[in-house]
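Visitor: Show me the folded form of this:
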Amino acid sequence: MSFAYVDSSVFVAFAFEEVGSESIHEWLNRYEGLMASNLVEAEVQAACHRENLALAPSFFGSINWELPRRPLSTEITRVLSAGYLTGADIWHVATALYYAADPQEVGFLTLDVRQRKVAESLGFLVD
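Guide: The predicted structure is shown next:
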């Protein structure tokens, strides 16, 4: 698999060194490229600030930051047709749809159970 979209939950677990986070690094290394919405940075920074945890400037490594150039109405409709998610979770899945020519060839990495189910039903490869 060439690339995967990475949700905030993955980075938060890694930053907080949650149980199982040691395998997250291996999980991320399975892909040639990783992409995320800029919303990931805000969500992770907010969680770290709340817990008084400073992130190293290199924390996000070689993430390709993606910002769609148009409204994601079409993608949001597709996401909602697959199941209910919160606004931020919809944004992540919709952004991944926007950039994925074929979701069946793209990984979607999240620790959120509902988001994982929706992404999988849309055709993304989930672990």
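Visitor: SS state for the residue located most distally from the centre of the chain?
Guide: Distance from the C-alpha centroid of the chain, by Cα atoms, centre = their mean, peaks at N52 (22.9 Å). Reduced to three states with DSSP: H, G, I helix; E, B strand; the rest coil, the structure at N52 is coil.
Visitor: Next: A94.
Guide: With three-state DSSP as the basis, A94 sits in helix.
Visitor: Quickly find the element holding the nearest residue to it once chain neighbours are set aside.
Guide: Sequence neighbours aside, E75 is the residue nearest to A94 in space, at 3.8 Å (criterion: Cβ to Cβ, 6 or more residues apart in numbering). No exception for glycine: its C-beta is placed from N, CA and C like everyone else's. According to DSSP states H and E, E75 maps onto helix 73-82.
Visitor: So for that helix, what gets flagged as buried?
Guide: Neighbour-count burial for helix 73-82 flags 75-76, 78-79, 82 (criterion: 16 or more other Cβ atoms under 10 Å).
Visitor: same thing with stretch 106-126?
Guide: Across stretch 106-126, burial judged by 16+ other Cβ under 10 Å covers 106-112, 115-116, 118-119, 122, 124, 126.
Visitor: contact partners of the helix-or-strand element of the chain with minimal mean pLDDT?
Guide: Sorting the helices and strands of the chain by mean pLDDT, DSSP states H and E puts helix 22-29 at the bottom, at a mean of 80. Under the contact criterion Cβ atoms under 8 Å, 6 or more residues apart in numbering, helix 22-29 has outside partners 4, 6, 10, 13-14, 34, 109, 127.
Visitor: can you rerun that using 10 Å?
Guide: With Cβ atoms under 10 Å, 6 or more residues apart in numbering as the test, helix 22-29 has contacts from 4, 6, 10-11, 13-14, 17-18, 20-21, 34, 61-63, 107, 109, 111, 127.
Visitor: likewise stretch 72-89?
Guide: By Cβ under 10 Å, 6+ apart, the residues outside stretch 72-89 that reach it are 7-9, 37, 39-40, 42-43, 68, 90-100, 103, 110, 112, 114-115, 117-123.
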